[in-house]
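In: Provided below are the primary sequence and the corresponding predicted coordinates.
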Amino acid sequence: MKPRHFSAALVALLAASAAGAAPAADDCQTAPRAQWKPEAEARAATEALGYRATIIAARAGCYEVTTAHKGGKRFSLKFDPTDMRLVSRTTIKDARDRNGDSELAVR
């Protein structure tokens, strides 16, 4: 990692810890389903970030969106369903790269 990127990553990590960042699972489990925004807003929030939504599901109190990025990488995005705040972004690694399967591994 280049020193410039390391410094930026360190600053982001410190800012998140100073703000009291909680695990993603804790950020989405409080609102009843009746207070959730429509799934279409999760798609719009995904597209606003520059991703193309391929699958949208409600899991663990969040909207979880499987995406395709224009660079070819795939991600799992989690949004708080009440305000469409991005809770987490995880890279999806295709397991075929490692063992010939067609399973997906989340990293």
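Out: Structure received.

In: Only C-alpha atoms from now on, for both contacts and neighbour counts.
Out: Noted.

In: Quick check, Ala57 in contact with Val65.
Out: Yes: using Cα atoms under 8 Å, Ala57 is in contact with Val65, at 6.4 Å.

In: Between these two, which has more neighbouring residues?
Out: More crowded of Ala57 and Val65, by other Cα atoms under 10 Å: Val65, with 24 against 13.

In: can you count the residues close to the closest residue to Ile55 other than its chain neighbours?
Out: Nearest residue to Ile55, sequence neighbours excluded (Cα to Cα, 6 or more residues apart in numbering): Thr66, at 5.0 Å. For Thr66, the neighbour count with other Cα under 10 Å is 22.

In: distance of Thr66 from Ala53?
Out: 6 Å (Cα to Cα, to the nearest Å).

In: before we move on, back to that, may I see the buried residues of the helix or strand that contains the residue nearest to Ile55?
Out: In the assignment (DSSP states H and E), Thr66 maps to strand 62-69. For strand 62-69, the neighbour count (16 or more other Cα atoms under 10 Å) marks Cys62, Tyr63, Glu64, Val65, Thr66, Thr67, Ala68 as buried.

In: Show me what that strand is packed against.
Out: helix 39-48, strand 51-59, strand 74-79 (3 or more Cα pairs under 8 Å, 6 or more residues apart in numbering; DSSP states H and E).

In: give me that answer again for 6 Å
Out: If you count contacts as 3 or more Cα pairs under 6 Å, 6 or more residues apart in numbering; DSSP states H and E, strand 62-69 packs onto strand 51-59, strand 74-79.

In: Direction included, what does the first one pair against?
Out: Under the criterion DSSP bridges, strand 51-59 sits next to strand 62-69 (antiparallel) in its sheet.

In: Between helix 39-48 and the partner strand, find me the angle.
Out: 40 degrees (axes from the mean of the first three to the mean of the last three Cα atoms, to 10 degrees).

In: Contacts for strand 62-69, please.
Out: The contact list for strand 62-69 (Cα atoms under 6 Å, 6 or more residues apart in numbering) reads 28, 51-57, 74-81.

In: same thing with stretch 40-58?
Out: Tyr63, Glu64, Val65, Thr66, Thr67, Ala68, His69.
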